[in-house]
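Visitor: Test case, fold it:
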Amino acid sequence: MVATQAKTNLKSFWSYVKSKTKSKTGIADLKRSDGSKTTTDKEKADLLNTFFQSVSTVEKEGDLPDMPEYTHDTELTNLNISVEKVHKQLRSLKIAKAPGPDGISPRILYELSDVLTLPITIVYRKPMETSKIPDEWRTADVTPIFKKGSRFAVNNYRPVSFTCVLCKVMEVLVREHIIEYLRRNDLINQEQHGFTKGRSCVTQLLDVLDIWTEAWMQGEESMRSTRITRRRSTASHIVGL
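Guide: Predicted coordinates for the structure are as follows:
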């Protein structure tokens, strides 16, 4: 089975190879700031949770800047969640991805998409009417992933959140509706690189490099210093929500 799918699904093939050649060791006993080590999984989880919270920026609602009022001839219409759109997204799911807190695997949604599309569409339309989503969609299973360095250092791990697949599918539908409106009305700044299809931190750095190079060739002072930090350290979680 794995061999026959190797040509079309290399990720699945290498995941199989990795599972057979490497043993899972779990999280090592982590060092606390006082030099002592954790001995139980709960102690590890508590220490990692404290660290992950310390490197995240969570502003109070009152600290958010006032947004200037903006009017446009064309208003953003209400999202019409159709059966066709939902079915398309279910058939686009990556079945190898992990499920979220609800335990619903993307493989199930993919394989049974013809049967589940209609009831899922009905579920998706409800939040559009009530402005409320299921409480479970607000939760996530957080898994610490080792980066590099010492496995005993808590700051060498990063969190990966697994949210409910059904929630992520609905998020795609909402995002596409908003992005289509912004692009149609030319409301996305040309200098916007983050969270923009076809752009990334790499394209942003290339643009900045062009500006620095041009300034240097003209004999201008192009830069004093710069620093690239982790997105998680500065991104607003309230704005994201």
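
Visitor: just the helices in this structure please.
Guide: For the chain, applying DSSP state H gives helices covering 2-5, 10-21, 41-54, 83-90, 106-111, 113-130, 165-184, 201-217, 231-234, 237-240.

Visitor: Around K44, how many other residues sit close by?
Guide: Counted with other CB atoms under 10 Å, residues neighbouring K44 total 20. (C-beta placed from N, C-alpha, C; glycine too.)

Visitor: same check, this time on the one 5 residues further on
Guide: Here the number of neighbours of N49 (other CB under 10 Å) works out to 13.

Visitor: on that earlier part again, of all the helices of the chain, which one comes closest to N156?
Guide: Distance to N156, taken as CB to CB, is lowest for helix 41-54 among the helices of the chain, at 10.0 Å.

Visitor: by contact count, what packs against that closest one?
Guide: Using 3 or more CB pairs under 8 Å, 6 or more residues apart in numbering; DSSP states H and E, the elements in contact with helix 41-54 are strand 141-146, strand 157-162.

Visitor: got the CA positions of the first one in PDB?
Guide: The reference is to strand 141-146. The C-alpha coordinates for strand 141-146 follow below in PDB (Å, rounded to 0.1, in the frame of the first residue of the first chain):
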ATOM      1  CA  ASP A 141      -4.700  20.600  21.600                       C
ATOM      2  CA  VAL A 142      -1.200  22.100  22.100                       C
ATOM      3  CA  THR A 143       1.800  19.900  21.400                       C
ATOM      4  CA  PRO A 144       5.400  21.000  22.200                       C
ATOM      5  CA  ILE A 145       7.800  20.400  19.300                       C
ATOM      6  CA  PHE A 146      11.600  20.300  19.900                       C
END
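
Visitor: where's L48 relative to T143, distance?
Guide: 10 Å (CB to CB, to the nearest Å).
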